[in-house]
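**Student:** need a 3D model of the following:
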Amino acid sequence: MAKKVIPYKDSKLNKKKQVEKMFDTISENYDGLNRVISFGIDTTWRKKVIKLIAATNPLNALDIATGTGDLAISLAEAGIDNVTGLDLSEGMLSVGRKKIKEKKLENKITMVQGDSEALPFEENHFDAICVAFGVRNFENLQKGLAEIYRVLKPGGIFVVLETSVPTKTPFKQGYSLYTKYMLPVIGKIFSKDKVAYQYLSDSAAVFPYGKKFNNILQKIGFTSIENKPQTFGVATIYTASK
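**Tutor:** Okay, here's the model as predicted:
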């Protein structure tokens, strides 16, 4: 039986509002804490995402669940002159806008508060779309992916970076111990919010990673689908086209 995940503290809120509230709460500590809990490896994964996208020479790109804008900034620095970062959390976006201003990239990056399941863009608009550690937060996964498919141009690239669960011993057991016991404690120490990082761990555990996610992408209509496990399977990079 699948483990039921309660996204955040307030059960009176739907998942979108709970996720928005959670990320607003941890926004000021999010960047530093990500480096700590991933031992800095997440930066290597993100660089691979940027390389995959930049290789297609897109004129514009959309970074969904952009958070504090790390991936959006990297896309702009890779030579993409028209980058849009979208996120539910205004707290995360606020931190991202400060970083963009410091790097003098305001003319290249636009940060938008919005819902991944109702994207405020016209059909066939973006050459490239990416989501890093965000699709597991979609309230309706298929609806969110269908929206991405709608706004992606024919021939465009879609790249997802998401956590996954290692399947081989001893990495599977080590990952389980780390996410169950250490991750919430680290989150509480650095962000004063143990529940938020427990949610991030729990949501990763129930996400349909690997071939299951490939099948969902195929059902939506995406083609040329590949999944590439990273670092013993603790994360996966998915690529697809329209």
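
**Student:** other residues contacting the longest strand along the chain?
**Tutor:** Counting residues, the longest strand in the chain under DSSP state E turns out to be strand 152-163. If you take C-beta atoms under 8 Å, 6 or more residues apart in numbering as the criterion, strand 152-163 is touched by 45-46, 49, 52-53, 56, 58, 124-136, 148-149, 204, 207, 209, 213, 222, 234-242. Every residue, glycine included, has its C-beta placed from N, CA and C.

**Student:** mind listing what it pairs with, with the direction of each?
**Tutor:** The pairing partners recorded for strand 152-163 under DSSP bridges are strand 126-132 (parallel), strand 235-241 (antiparallel).

**Student:** just say which of those is most tucked in.
**Tutor:** Ranked by mean neighbour count, the strands paired with strand 152-163 are led by strand 126-132 with a mean of 26 (mean count of other C-beta atoms under 10 Å).

**Student:** got the CA positions of that strand in PDB?
**Tutor:** Taking Å, rounded to 0.1, in the frame of the first residue of the first chain, the C-alpha atoms of strand 126-132 are listed here in PDB:
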ATOM      1  CA  PHE A 126       8.900  28.000 -25.600                       C
ATOM      2  CA  ASP A 127      11.800  26.300 -27.300                       C
ATOM      3  CA  ALA A 128      12.900  24.700 -24.000                       C
ATOM      4  CA  ILE A 129      11.200  24.000 -20.700                       C
ATOM      5  CA  CYS A 130      12.800  22.600 -17.500                       C
ATOM      6  CA  VAL A 131      11.700  21.600 -14.000                       C
ATOM      7  CA  ALA A 132      14.200  20.900 -11.300                       C
END
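
**Student:** touching that strand from outside, list them.
**Tutor:** By C-beta under 8 Å, 6+ apart, strand 126-132 touches 45-46, 49, 53, 56, 58-65, 67, 70-71, 75, 80, 84, 116, 148, 151-153, 156-162.

**Student:** the same query, at a cut-off of 6 Å, please.
**Tutor:** Outside strand 126-132, the residues that touch it by C-beta atoms under 6 Å, 6 or more residues apart in numbering are 49, 53, 58-65, 71, 148, 151-153, 156-161.

**Student:** kind regards, and thank you for your time.
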